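In: Below are the sequence and a predicted model; questions follow.
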Amino acid sequence: MRTAARELKYALSRHGLNRTLVVRRLTSETSHARLRELRALAASGRGLRARALGFLFGWLERGILRVPQGRGQGLILDMSYIPVSHAHAGALASGNLESSVQEALIRHLGPGDVVYDIGANLGFFSLVAARLIGPEGRVYAFEPAPENAAAIRRNAELNLIENVVVIPRAVSSRPGISRLQIVDDQSWSRLEEFGAHPDTERVLEVETVTIDELVAAGELPPPALVKVDVEGAELAVLEGMRETIDRHRPAIVCELHGTNAGFAAAMAERSYRVINLECSSPISQNGESSHALALPPLDPGD
């Protein structure tokens, strides 16, 4: 198998192809649903086509992916945590994953800042933020899905990044225990109380925490920026960090999941201004826009 893998790598390199480029082309030319079907066929091992696909996917997913451009340019990611059918595989291989979020981080982070990445997934934005804030800063990556938390640690290690701290807990409006739905594509895993996911493979009990309790207890320094991507639980996260917002006024980058109006209202209550990162219309009036940036007033009286 190793010999065959070397032969495949050599054949691809002769045509100017590498693992990142193959992933990019494959994901750009094949729908996410179709890739899931092909991976299922490969896993079955039934027939010559299934075995060929199994060999291809196995080679792709036993190495590293190098981000080719964007703020994450040059980052290397362990493909064993990124199946080719992963929702973010193509964007990572292209370097354009949520470009508006990358731009927001660039504009609002500086050396020495503290960042909370709530719902850190594979850790791409944690790594980008870690670069921007430098070794004197800290990124706290909250990620309750065990495989994702392991991916963040591994990817930070691969990139020799030492200022990312992984916190394997979920963030919500109250401390306690909740049920986390682990979806086959773990980027979509979510707390059960915020809606069932049809592709759930198993359910785990996870600890939930609030940002306010962690900051008040001195377990975390206050943040300069908070990035939130929690598959529908974003308003609960905000509810659990009201005091932190009021006292420390961090910038907030949030992915919305049908919670646009609620997010806009919660930010207005705190006197924040909200910017739609995807178009010029107000975020509260555009349910199709899913990324928002909330900033504190420019001056105390603003």
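Out: Good, I have the coordinates.
In: what ranges do the helices span in the stretch 201-302 of the chain?
Out: If you assign secondary structure with DSSP state H, counting those that start in this stretch, the helices in the stretch 201-302 of the chain sit at 211-216, 234-239, 242-248, 260-269.
In: most packed of the ones you listed?
Out: For the helices of the stretch 201-302 of the chain, average neighbour numbers computed from mean count of other C-beta atoms under 10 Å are highest in helix 234-239, which has a mean of 22. Bear in mind the C-beta positions are built from the backbone N, C-alpha and C, glycine included.
In: For that helix, the averaged confidence score.
Out: For helix 234-239, mean pLDDT rounds to 97.
In: now the helices of the stretch 201-302 of the chain in a markdown table, with distance to residue 149?
Out: Written out in a markdown table, the entries for these read as follows (distance: least, C-beta to C-beta, whole Å):
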| stretch | distance to residue 149 |
| --- | --- |
| helix 211-216 | 17 |
| helix 234-239 | 18 |
| helix 242-248 | 23 |
| helix 260-269 | 26 |
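In: For residue 51, which of those helices is the nearest?
Out: In terms of C-beta to C-beta, the element of these nearest to residue 51 is helix 234-239, at 43.2 Å.
In: Quick check: residue 18 vs residue 93, distance?
Out: Using C-beta to C-beta, to the nearest Å, we find residue 18 at a distance of 10 Å from residue 93.
In: Neighbour count for those two, which is higher?
Out: Taking other C-beta atoms under 10 Å, residue 18 and residue 93 do not tie; residue 93 has more neighbours (27 against 15).
In: if I pick that one, what's in contact with it?
Out: Neighbouring residues of residue 93 by C-beta atoms under 8 Å, 6 or more residues apart in numbering: 20-21, 23-24, 27, 65, 67-68.
In: just checking, what packs against whichever strand or helix holds residue 55?
Out: Under the criterion DSSP states H and E, the helix or strand holding residue 55 is helix 48-60. Applying 3 or more C-beta pairs under 8 Å, 6 or more residues apart in numbering; DSSP states H and E, one finds that helix 48-60 makes contact with helix 2-14, helix 19-29, helix 32-44.
In: do that again at 6 Å, thanks
Out: The elements that helix 48-60 packs onto, with contact taken as 3 or more C-beta pairs under 6 Å, 6 or more residues apart in numbering; DSSP states H and E, are helix 32-44.
In: per-residue confidence averaged over the helix it packs on?
Out: For helix 32-44, the mean confidence score works out to 86.
In: now residue 221: how far from residue 115?
Out: Spatial separation of residue 221 from residue 115 under the definition C-beta to C-beta is 11 Å.
In: ok, these two, which is more surrounded?
Out: Neighbour comparison, residue 221 and residue 115: the larger count goes to residue 115, with 29 against 12 (by other C-beta under 10 Å).
In: Quickly note the distance from the nearest residue to residue 212 once chain neighbours are set aside to residue 107.
Out: Sequence neighbours aside, residue 243 is the residue nearest to residue 212 in space, at 4.6 Å (criterion: C-beta to C-beta, 6 or more residues apart in numbering). Separation of residue 243 from residue 107 (C-beta to C-beta) stands at 26 Å.
In: do residue 279 as well
Out: Taken as C-beta to C-beta, the spacing of residue 279 relative to residue 107 amounts to 18 Å.
In: Kindly report the same for residue 196.
Out: Taking C-beta to C-beta as the measure, residue 196 falls 37 Å from residue 107.
In: Comparing those two, which residue is more hemmed in?
Out: Taking residue 196 and residue 107 together and counting by other C-beta under 10 Å, residue 107 has the greater number of neighbours (11 against 8).
In: Is that one part of a helix or strand, or is it coil?
Out: helix (DSSP: H, G, I helix; E, B strand; the rest coil).
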